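[1] only geometry, no sequence info:
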């Protein structure tokens, strides 16, 4: 298995508005290996969710893929016909959305939704599909699944509903799960449970996860590798441990210092000045330079490519200069 | 759920009570019933005698009670104009109106819902745009104008369909029907389309906007992300979720269809209750007006209750009281 | 997500520009210019307003003045037909009334009834909505229950009932004089509910806002608070309701007149004209009905299109 499960190459996502063409995702490239958990972190509007939606072919019009390739298991999937991408969805790539309260159809029993999904992907009769549904509910930690399976979503609490959603996503044993802020809408007390459940289940099955979040803490606990997105571009990508310990990109650095830490000797949290630019006002050069304390001349002129810095890669001229010198 | 239904029934009774009160006030205080019933040459003594006989000197509450008890037994008094029992007059004409209304409602639903689903799912296709344009024209043309246009085209120009009356009617005792004869069915076509067109447009637009709304929800996105077929998503998930508001509106519309039949009956000289009511408004025949109002109120309340029951069948959130885990 | 950010950005920019620029730059004006149909509808509506306003100046004849009518001219076909006369471009009705003039005067009447009844409904509904929302309690319950019950009956039925009641209460009075006001009353009373509900729900939201409670504490007049803060918020929805109601009111007026309980034959509105004409449909004098009918249909269609557009433009969620 040398070839990554998922390869995203120079992905561009654009939104035509009446005034201009907005580029929400600008040439993003990353890989996810089989069984690997990739954290994708960034502020809202950085393009995380759009990237996830693009992979599974659920970009909402007028948003569209304007360039690049998405290769899944050796097959290009960004240009597939509707019927073909539909065969991948749920079966090989699953997705979990942010709000479990609204992800389930209120008019159907939990079991009906599970069985429907199972039977869409697996050749099981009603009895077996129901049995499998109960097993799944049991695995995601729903107590008394034999009776709960006949409950309606509104009879489940938020955390329990997200467990059902995870069961639905795992129904056909997909190779990749795109989890788009799976715990943001949940109570803080249940967040950790859901995350560790997701992590355990995926580890056991060897399912790869693209974990989209703005919560660095979640990433630190869960992800093998992290991609940091800023204004539609990857600022830095690398191993979770390294990236947290020694962030290379000034933006990642800023993100890290904004996390409260037990070991931290500093009295107060450092905040990055300013805010992420709007899509119609992305500055020339490096999009982060107006907020960057280390910005120098090259940053205002052009964008840095992803430059190898040790095991990590960062899009920052700080490291480009080193390369030039050496 | 039982509590829900009991509350609904209770509300219905209150609505009926208010309607009865309005009908009674109309009946009792708008115009003098005695003046309406007697000729100019009647002496004051005879008038007083009649007044006593009708119980018009009793306390108002007693009269109201008597009015309600009469209404419950379908006794709405005597028409000023025709000197006949109002209940019998309405009873004779009700089948015509009810058949017309029912056929129209069926037409509106059976055509309106698929058109709404189509325009909701394929919002940018030219056929959808055509449907929407036509529907706007349909809403803008007053019912009577559509009827007249139909008459002009199909009865006057091409002379293929009748322009007035019910055709041949079969008497079934309590009910007379035009559904059993060819001429009766033919006579139904233009009036029922005329009457149903507005509701059809309304249902189509409602289903469309509900469909658009539902297609944006997270559970539809999630259903698609789970790899369900387009058919399962569109019809299994989306359509079912649009049904609740559609049932409500369609149910309520059935009530208005019966009332709007007044117009259609006028255009097509359809011998139904609407025509009778219109005649009573023009001639200030209060007992008929009051009875018709009660009847429409009753039909409405009944339909509403049926709608509530359907609700319960469709939406589990009403059926099962939430037990949080 | 990205939409929201661009919108708010646009808003920030807008504050720096003048009002005219802002209107031209607005989403509403954009969607207005985008649609040729909407522009045509606006043009048609405006034309009707002008034609109705200046009807006495431009019509060839005063169709309400019986002295002008000659029964010998009765049922003249439109000018382009064999027996047509140039004097009567669209022909005449059975009274010898020039149809073009009758339509102009009729539109004037229809629009007047429409505007008057919508204004009546709006004022009544907005006031009741404000009272209902602000006072709350029993008053609120009573008003809203009445609204509920009234909503269960189609407006045409309510209008018919009111019309019948009024004519029963004042049987002696001259129908020609009262018809107009009876219509306005009947149509207006059958349309107030939507305004009341819209305003009420907005009041309920605003009432809980801190500034309202603070204003209450420092002793500002609650009525002033409501008028200043609530009304601007509901202006958009109310404008939409008014536009759509105008079309409905015109239809209702025409329908009532068609049914014979509206505007009398001596001063025909469009509905009355159509009613007169229906009898001649079978004998071949189609123009008596078709021209007023077309005039009515085009007017209502144009107003409806405007209302539809306005609703979509003011409700970005549906776009």
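    Noted; the coordinates are in hand. This structure is a prediction, so every number in the text was calculated from the model and none was measured.
[2] near residue B:29, how many other residues are there?
    When neighbours are defined as other C-beta atoms under 10 Å in any protein chain shown, residue B:29 has 14 of them. The C-beta positions use only the backbone N, C-alpha and C, and glycine is treated the same way.
[3] residues in contact with the residue most central in space within chain C?
    Centroid-nearest residue in chain C, with C-alpha atoms, centre = their mean: residue C:246, separated by 1.4 Å. Residues in contact with residue C:246 (C-beta atoms under 8 Å, 6 or more residues apart in numbering or on different chains) are C:114, C:115, C:118, C:303, C:307.
[4] tell me the one of those nearest chain A?
    Taking C-beta to the nearest C-beta as the measure, chain A sits nearest to residue C:307 out of the contacts of residue C:246, at 23.2 Å.
[5] what's the neighbour count on the residue nearest to residue C:66 when sequence neighbours are not counted?
    Leaving out its chain neighbours, the residue that sits closest to residue C:66 by C-beta to C-beta, 6 or more residues apart in numbering or on different chains is residue C:266, at 7.4 Å. The number of residues packed around residue C:266, counting by other C-beta under 10 Å, is 13.
[6] returning to that earlier point: so which of the contacts of residue C:246 belong to helices?
    C:114, C:115, C:118, C:303, C:307 (DSSP state H).
[7] confidence-wise, which of those residues comes last?
    Lowest pLDDT among the ones in helices among the contacts of residue C:246: residue C:307, with 85.
[8] surely that one touches residue C:239?
    No. At 9.2 Å, residue C:307 does not count as touching residue C:239 under the criterion of C-beta atoms under 8 Å.
[9] which one's more surrounded, the two?
    Each of residue C:307 and residue C:239 has its neighbours counted (other C-beta under 10 Å); residue C:307 has more, 21 against 15.
[10] quick one, helices of the chain?
    If you meant another chain, say so; for now it's chain A. Ranges of helices in chain A, per DSSP H, are A:48-55, A:82-88, A:100-103, A:110-121, A:126-139, A:145-148, A:158-170, A:188-205, A:216-222, A:240-245, A:250-257, A:297-301, A:317-325.
[11] think we crossed wires, I meant chain B
    Assigned by DSSP H, chain B shows helices spanning B:2-29, B:33-37, B:44-54, B:60-72, B:86-121, B:126-140, B:143-150, B:182-215, B:218-225, B:230-231, B:240-267, B:273-282, B:286-314, B:316-319.
[12] separation between residue A:59 and residue C:199?
    40 Å (C-beta to C-beta, to the nearest Å).
[13] more neighbours: which of the two?
    residue C:199 (28 against 20).
[14] nearest residue to the more buried one other than its sequence neighbours?
    Per C-beta to C-beta, 6+ apart, closest to residue C:199 is residue C:129, 2.9 Å.
[15] for residue A:255, same thing?
    Nearest residue to residue A:255, sequence neighbours excluded (C-beta to C-beta, 6+ apart): residue A:216, at 6.0 Å.
[16] so that neighbour touches residue A:43, yeah?
    No. At 11.4 Å, residue A:216 and residue A:43 do not qualify as touching, with contact defined as C-beta under 8 Å.
[17] who has more neighbours out of these two?
    residue A:216 (20 against 16).
[18] if I pick the more buried one, what's in contact with it?
    A:41, A:244, A:255, A:256, A:259.
[19] just flag the most distant two among the contacts of residue C:246.
    C:115 and C:307 (14.4 Å; C-beta to C-beta).
[20] okay, now residue B:55: neighbour count?
    Count around residue B:55 with other C-beta under 10 Å applied: 12.
[21] tell me the contacts of it?
    Residue B:55 neighbours (C-beta under 8 Å, 6+ apart): B:62, B:63, B:66.
[22] repeat that for 7 Å
    Taking C-beta atoms under 7 Å, 6 or more residues apart in numbering or on different chains, we find residue B:55 in contact with B:63, B:66.
[23] that one and residue B:77: what is the separation?
    Per C-beta to C-beta, residue B:55 is found 11 Å from residue B:77.
[24] closest to residue C:35 among the contacts of residue C:246?
    So of the contacts of residue C:246, ranked by how close each gets to residue C:35 (C-beta to C-beta), first place is residue C:307, at 13.5 Å.
[25] show me what contacts the closest one?
    C:240, C:243, C:244, C:247.
[26] before we move on, the earlier item: if I look at the residue nearest to residue C:66, how far off is residue C:97?
    Residue C:266 is 11 Å from residue C:97, by C-beta to C-beta.
[27] ok, back up a step: out of the helices of chain B, which comes closest to residue C:42?
    Taking the helices of chain B one by one with C-beta to C-beta, helix B:126-140 is closest: 15.2 Å.
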